[in-house]
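**Q** missing the sequence, but the structure's below:
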């Protein structure tokens, strides 16, 4: 059973603080993702990584950075937290699909989410 | 630019009836589609998927239909149960060399007992 674990369920941080959100998966997945969920906007991709030390920008990378030093761990960093970064943050992981065939094994599995409030 | 759209923010359905959730996409490079269900304060959980080589996929009470020419997919839940009350997200991926998922804005489904 795939498990994606985010280090905190709830966080409250002050404007200007550096914030680290940690995510760990235990299924040896190559792909890892960070999304944020906001009312009326759905899930928007911040960054993703398909291998250790590899990262690619998603749709809304501004104000964020990421780190993937080990395959199982993907960290999201808010360099200087701002109030507009108050959101639900969701980490996900998935297998890299092979031979161009997608099936249910290549679905993304999500962590339980971190509700971040920046005051 | 919203490439995956769910135009109904909310839907209410009587228990036992059919729930139909709709999703439209604009990028013709998408070739794999998924539905996720999300309860408050939890991460989304995978429900069902469909590849673009199919037009229908069924799993128990859940069926997903894909109309490629219309760039439209729908999720049917029959019969609807109170535990189905949640936010449903449609997602799509394509042959872009990565497996990133593009999500819609979600539809909140409420099942009325």
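**A** It's in. Model, not experiment: these values are computed from the prediction.
**Q** What score does residue B:98 have for pLDDT?
**A** In this model, residue B:98 is scored at 68, pLDDT.
**Q** Distance of the residue in chain B that chain A sits nearest to relative to residue A:13?
**A** When scored by CB to the nearest CB, chain B has residue B:43 as its residue closest to chain A, at 3.4 Å. (Each C-beta comes from the backbone N, C-alpha and C, glycine too.) Counting by CB to CB, to the nearest Å, the gap from residue B:43 to residue A:13 is 21 Å.
**Q** related to what we said a few turns ago, what's across from the nearest residue to the residue of chain B closest to chain A once chain neighbours are set aside in the sheet?
**A** Of all residues not flanking residue B:43 in the chain, residue A:110 sits nearest, at 3.4 Å (CB to CB, 6 or more residues apart in numbering or on different chains). Residue A:110 has these beta-bridge partners by DSSP bridges: residue A:92.
**Q** May I have the residues that are in contact with residue B:43?
**A** For residue B:43, the contacting residues are A:4, A:90, A:92, A:110-113, by CB atoms under 8 Å, 6 or more residues apart in numbering or on different chains.
**Q** before we move on, what about residue A:109?
**A** For residue A:109, the contacting residues are A:2, A:4, A:25, A:27, A:29, A:92-94, B:46, by CB under 8 Å, 6+ apart.
**Q** Filter those residues down to the ones in strands?
**A** Cross-referencing the contacts of residue A:109 against strands under DSSP state E gives A:4, A:25, A:92-94, B:46.
**Q** As CSV, these with neighbour count and pLDDT would be great.
**A** CSV is the format used below for those (neighbours: other CB atoms under 10 Å in any protein chain shown; pLDDT from 0 to 100):
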residue, neighbour count, pLDDT
A:4, 25, 95
A:25, 22, 95
A:92, 27, 94
A:93, 27, 92
A:94, 27, 88
B:46, 17, 92
